[in-house]
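1. Mind folding the following:
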Amino acid sequence: MWNDYGQALFLALALAGLGFGIGKAAVLLGERAIERRLGTGSLRDTIARRAKLEAGFEARRSQRIVELRKAEKEVGDALCRRQALERRLRDLQHRGDDILRLVGEEVAGTPCYIAQVANKYIGNGANQQTQHAFIDSGWARPQTVEVWARTMPVARAEIERRYPPAFGYVVLRIQEAPRGNPVKAGGTGASPGDTAPTGAIPLAKAS
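-> Have a look, this model is predicted:
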């Protein structure tokens, strides 16, 4: 009985070894057949080269994705800048006929102040204007006044001297202009009764 078991075990091991040998031989024959067909180095070298190529393609793809996202961001920023410039252009087109009124003269070392002045006697509501015998209807909306003065209170006093509150003029806002970049004049100062300067393109007559 034990003899039969030993023979069966030996036969099984022999068949397993024979199968392994046949499989190994088939793999070797297959590799050599592929090598002869490709006409290059070993199959392992070919697989290694292709793996390297695939890794390179994947890295290049990742790089292209990053560059594409960067380009999309730049395009978005460019569109935002274009929209901002278009809005600014529309604003400048609407304000292109405004006249800039100057008070005083530029003095070296003296700051420049920019003020918005309107007249409360002109206009009754946001979109209505009333006529006045001596004040132009353009004062219904704020007018830009540029004044050179040592301090802001002095600037306000100079503006009120030129445009008296008793005549209805009101300083809505005043601020110091950026250093070295005051608003360029499109006209000259105008007090009540003055006319627009030569070369200016006023939106309304200077009162």
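2. Within the helices and strands, which one has the spatially most central residue of the chain?
-> The residue lying closest to the centre of the chain (CA atoms, centre = their mean) is Asp77, at 4.1 Å. Using DSSP states H and E, Asp77 maps to helix 43-95.
3. name the helices or strands packed onto that helix?
-> Packing partners of helix 43-95 (3 or more CB pairs under 8 Å, 6 or more residues apart in numbering; DSSP states H and E): helix 2-38. All C-beta spots, glycine's among them, are computed from the backbone N, C-alpha and C.
4. what about the helix it packs on, distance to the chain center?
-> On the basis of CA atoms, centre = their mean, to the nearest Å, helix 2-38 sits 71 Å off its chain's mean C-alpha point.
5. Give me the angle between it and helix 43-95.
-> On the basis of axes from the mean of the first three to the mean of the last three CA atoms, to 10 degrees, helix 2-38 is oriented at 50 degrees to helix 43-95.
6. Determine the set of other helices and strands touching the lowest-mean-pLDDT helix or strand in the chain.
-> The weakest-scoring helix or strand in the chain, judged by mean pLDDT, DSSP states H and E, is helix 2-38 (a mean of 78). Applying 3+ CB pairs under 8 Å, 6+ apart, we find helix 2-38 packed against helix 43-95.
7. Can you name the next helix or strand after the helix it packs on?
-> Later in the chain than helix 43-95, the nearest helix or strand by DSSP H and E is strand 101-103.
8. Could you list the paired strands of that next one along with their orientation?
-> Its sheet considered, strand 101-103 pairs with strand 143-148 (parallel) by DSSP bridges.
9. Tell me which residues are up against the strand it pairs with.
-> Applying CB atoms under 8 Å, 6 or more residues apart in numbering, the external contacts of strand 143-148 come out as 98-107, 110-118, 155, 158-159, 162-163, 177, 182-183, 185, 189.
10. Please pick the buried ones from those.
-> Burial by neighbour count, judged by 16 or more other CB atoms under 10 Å, picks out 98-104, 110-115, 117-118, 155, 158-159, 162-163, 182, 185, 189 from the contacts of strand 143-148.
11. Thank you, goodbye.
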